[in-house]
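Structure, please.
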Amino acid sequence: MKRSSLATIAAGLAAKMVLVLSVASCARSISSSSEIRAAMHPWVGQDIDDLIRKWGAPSSVFDLPTGSGKVYTWLYQGEILVTARDYPALHTSAATANVSYCRFDWNTDRTRRIESYRWEGRCKVKKIL
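Down below sits the predicted model:
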């Protein structure tokens, strides 16, 4: 075989390997439930202020009607954190239905201690570490 033919074959194989690695990387971009739970659970019992210092300002804070605590929400569209200013319009917009999102909710008691958490959407552990 000529050198140019070998070089062409090698280049083609290299391109296929890059494509396979890219597809594998994309498939792995969403974390499993156990990975997310393992990253979130250590926050239970901690002060919400510690989480805010780590994650930044939440997208929304909701006072529970019973006065027993609050729900802090961090909402991502794709890789972008939705700010508190944009949250009300975005949360109710039908246009967001086709956009990838991830939502983290943290429930706190009156003393601001995290009691529980939940998440929904296409979430990644790197967002919460």
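
Ile57 belongs to a strand?
Check again: residue 57 is Ala, not Ile. No: looking at Ala57 with DSSP: H, G, I helix; E, B strand; the rest coil, it is coil, so not inside a strand.

State the distance from it to Arg37.
24 Å (C-beta to C-beta, to the nearest Å). Backbone N, C-alpha and C define where each C-beta goes, glycine included.

Trp119 now?
9 Å.

The chain: helices as residue ranges?
3-27, 33-40, 48-55, 87-91 (DSSP state H).

Lowest average confidence across the ones you listed, which one?
The stretch with the lowest mean pLDDT among the helices of the chain is helix 3-27, at a mean of 40.

Which residue ranges make up each domain of the chain?
1-30, 31-127 (automatic domain parsing).

Tell me how many other residues crowd Arg53.
9 (other C-beta atoms under 10 Å).

Correction: the previous question concerned Gln46.
Neighbours of Gln46 using other C-beta under 10 Å come to 15.

Hmm, Gln77 is touching Ser100, no?
Yes: taking C-beta atoms under 8 Å as the definition, Gln77 is a contact partner of Ser100 at 7.2 Å.

More neighbours: these two, which one.
For Gln77 and Ser100, the more surrounded residue by other C-beta under 10 Å is Gln77, and the numbers stand at 16 against 13.

And that one, how far from Pro42?
26 Å.

Same check on Lys54?
On the measure of C-beta to C-beta, Lys54 and Pro42 end up 11 Å apart.

likewise Lys124?
17 Å.

If you count surrounding residues, which of these two has more?
Lys124 (17 against 9).

hey, what's Glu120 bridged with?
Partner residues in beta bridges with Glu120, using DSSP bridges, are Arg103.

residues near it, how many?
10.

now Arg113
Using other C-beta under 10 Å: Arg113 sits among 14 other residues.

same deal with Gly69?
21.

Correct me if wrong: it contacts Trp106.
No: using C-beta under 8 Å, Gly69 is not in contact with Trp106; the gap is 10.0 Å.

which neighbours do the two share?
Residues touching both Gly69 and Trp106 (C-beta atoms under 8 Å, 6 or more residues apart in numbering): none.
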